[in-house]
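[1] Give the three-dimensional model of this entry:
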Amino acid sequence: MLASQRNGTVYVGVTSGVVQRVWQHKNDMPGGFSQACNVHLLVYFEQHADMLAAITREKQIKKWRRAWKVALIEQTNPCWRDLWADVLG
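    Numbers count the residues shown, from 1 in each chain. Prediction:
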C-alpha cells in the first residue's frame, strides 16, 4: 500500500517487482490516480508465494473499508514511515 501522507490517500496494488513499481510511483511514472493524489510513500507491503495469492489478497484488501486498511498499516507501521529503504535492502 502506498499513501500520500499519514492518514492520507491510500493506494492498494499488486506487483511482481516492488522495487521497480515503487520507484515508478515515486517518480510519477504511472500517472493517473497515484500521481494526482501524490501517493508516493510505501507504508505497507506483503510478500506472497505466487502471483495468484497476491492478486487474491489485493482484491480482498481493496474491498475493505478505509478504517480496516488504516488498521492494517498501523499494526506494523504506526508512524506511516516510508518503507522504501527497507525494500531496497
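[2] which element is M29 on?
    Following DSSP states H and E, there is no helix or strand that holds M29.
[3] what sits against it?
    W23 (C-beta atoms under 8 Å, 6 or more residues apart in numbering). Just so you know, the C-beta spots here come from the backbone N, C-alpha and C atoms, and that holds for glycine as well.
[4] What confidence value was assigned to it?
    As predicted, M29 sits at a pLDDT of 87.
[5] do the one 5 residues further on as well
    S34 carries a pLDDT score of 83 in this model.
[6] ok, it - contacts?
    S34 sits next to 2, 11, 25, 28, 40 when contact means C-beta under 8 Å, 6+ apart.
[7] So which of those belong to helices?
    H25 (DSSP state H).
[8] Nearest to R65, out of the contacts of S34: which one, please.
    Among the contacts of S34, Y11 lies closest to R65 (C-beta to C-beta), at 15.8 Å.
[9] Check the offset of the worst-scoring helix or strand of the chain on mean pLDDT from the chain's centre.
    Ranked by mean pLDDT, DSSP states H and E, the helix or strand of the chain with the weakest confidence is helix 32-36, at a mean of 86. Centre-to-centre, helix 32-36 and its host chain are 13 Å apart (C-alpha atoms, centre = their mean, to the nearest Å).
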